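*Asks:* Model the following, please.
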Amino acid sequence: MAYRLAAIVSALPLTCAGMAFTSTVRHPTRVSPAGIADIGHRGASASAPENTLAAFRAARSQHADYFELDVQQTKDRTPVIMHDTTLRRTTNAESVYPGRSPWRVGDFTLRQLERLDAGSWFSSRFRHERVPTLARTLSEMEGSDLKLLLEIKDPSLYPGLTSRVAGQLRAQPRWLLPGRLIVQSFDWGSVREFHRLMPAVPTGVLGTPTAAQLPAIAGYAHYVNPRYDAINAAYVRRVHARHMEVFAWGAGSAADVRRLVGYRVDGIISDRPEAVPR
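*Replies:* As a prediction, this is how the structure comes out:
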């Protein structure tokens, strides 16, 4: 299955609001000659600090098809780009805000986050990188030729996050053009909610649903996105039989990537987009 396609009807927010998902209307996700979508995990996160604008630009320079990012929410309800639920690993929050342990993302306002260095942990070359907001990321990357794989991260911690993400996407409708955007989450309830809010936008569930779960998931999701070592070729065939695609994440070696290609996955989410076959 060199080319699997996912559902889309129209991406314009004024025309898609009432449309329901149908698995027979599809859109192409591939642009690489190898027939595999190449997705930069948190950007090109082996080359620049993850989930920063520098990493997203690096993904473009490595000719990725998509850049992937994680969205959480500040104390004042601003969607921001961050993977961990705390700020310790990828910022200098401990030194800037001593005594604020455990430095949860949701305990800080946007203004407080703007003081943080989100790049020096990776390399001093990136000391000027900041925690980006979703709005700024959408604006900065809008003119690129990259597509976006957006993960809604831990929405149970942030009431209203899913609807706020939908609202910010509506505010920048170029991201809603056919084939430009996929929204995913480990929280399958959030995926269902997002599908209800924006039924024309392709969605994905993170994890490895069982064969018994796949029929229900196919009613609101277009992708199943598992960890690379949790699947085999038979699993990929089962997902494809339900007219969904598979984007696998976590592959770190060339051998792992070759194995995924052999499984006929539809996309590979990698810290090194340049290492994915094109």
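
*Asks:* Point out where the chain drops to low pLDDT.
*Replies:* 1-34 (pLDDT under 70).

*Asks:* What ranges does it have for its strands?
*Replies:* With DSSP state E as the criterion, the chain has strands at 5-7, 26-28, 37-40, 66-73, 79-81, 147-152, 181-185, 203-206, 223-225, 245-249, 267-270.

*Asks:* now those strands in a markdown table, with distance to Gly99?
*Replies:* Placement of C-beta: from N, CA and C, glycine included. Converted to a markdown table, the strands of the chain look like this (distance: least, C-beta to C-beta, whole Å):
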| stretch | distance to Gly99 |
| --- | --- |
| strand 5-7 | 47 |
| strand 26-28 | 50 |
| strand 37-40 | 36 |
| strand 66-73 | 22 |
| strand 79-81 | 22 |
| strand 147-152 | 30 |
| strand 181-185 | 32 |
| strand 203-206 | 34 |
| strand 223-225 | 38 |
| strand 245-249 | 36 |
| strand 267-270 | 37 |
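
*Asks:* Count the neighbours of Glu114 for me.
*Replies:* Neighbour count of Glu114, defined by other C-beta atoms under 10 Å: 13.

*Asks:* Just give the nearest non-adjacent residue to it, would you?
*Replies:* Arg130 (6.2 Å; C-beta to C-beta, 6 or more residues apart in numbering).

*Asks:* returning to what we had before: in TSV: the strands of the chain, plus mean neighbour count and distance to Arg111.
*Replies:* Rendered in TSV, the data for those read as follows (neighbours: other C-beta atoms under 10 Å; distance: least, C-beta to C-beta, whole Å):
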stretch	mean neighbour count	distance to Arg111
strand 5-7	20	38
strand 26-28	15	39
strand 37-40	28	29
strand 66-73	26	15
strand 79-81	25	12
strand 147-152	25	23
strand 181-185	27	27
strand 203-206	25	31
strand 223-225	28	34
strand 245-249	25	33
strand 267-270	28	32
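
*Asks:* related to what we said a few turns ago, how close does the residue nearest to Glu114 get to Arg104?
*Replies:* As judged by C-beta to C-beta, to the nearest Å, Arg130 and Arg104 stand 18 Å apart.

*Asks:* List the contacts of Asp48.
*Replies:* Just to correct that, residue 48 is Ala rather than Asp. By C-beta atoms under 8 Å, 6 or more residues apart in numbering, the contact list for Ala48 reads 54-55, 57-58, 119, 122, 126.

*Asks:* how near is it to Tyr263?
*Replies:* Using C-beta to C-beta, Ala48 is found at 29 Å from Tyr263.

*Asks:* hmm, back to that, show me the contacts for the residue nearest to Glu114.
*Replies:* 52, 113-114, 116-118.

*Asks:* For Ser45, see how far away it is.
*Replies:* To Ser45, Arg130 is 16 Å away according to C-beta to C-beta.

*Asks:* ok, now Ala234?
*Replies:* Noted for Ala234: a distance of 30 Å to Ser45, by C-beta to C-beta.

*Asks:* out of the two, which sits in the more crowded spot?
*Replies:* More crowded of Ala234 and Ser45, by other C-beta under 10 Å: Ser45, with 24 against 9.

*Asks:* For the nearest residue to the more buried one once chain neighbours are set aside, list the residues it contacts.
*Replies:* Distance criterion C-beta to C-beta, 6+ apart; nearest residue to Ser45, sequence neighbours excluded, is Asp271 at 4.6 Å. By C-beta under 8 Å, 6+ apart, the contact set of Asp271 is 40-42, 44-46, 252.

*Asks:* Can you tell me which of those residues are buried?
*Replies:* Neighbour-count burial (16 or more other C-beta atoms under 10 Å) is assigned, among those, to 40-42, 44-46.

*Asks:* all helices of the stretch 101-250 of the chain, in order?
*Replies:* Remark: helices assigned in the stretch 101-250 of the chain by DSSP state H, counting those that start in this stretch are 110-113, 134-141, 161-171, 188-197, 214-217, 233-241.

*Asks:* Test my guess that Leu69 contacts Gly43.
*Replies:* Yes. Between Leu69 and Gly43 there is a contact at 7.2 Å, judged by C-beta atoms under 8 Å.

*Asks:* Need the residues touching each of those two.
*Replies:* With C-beta under 8 Å, 6+ apart, Leu69 and Gly43 have common neighbours 51, 56.

*Asks:* Thanks again, I'm all set now.
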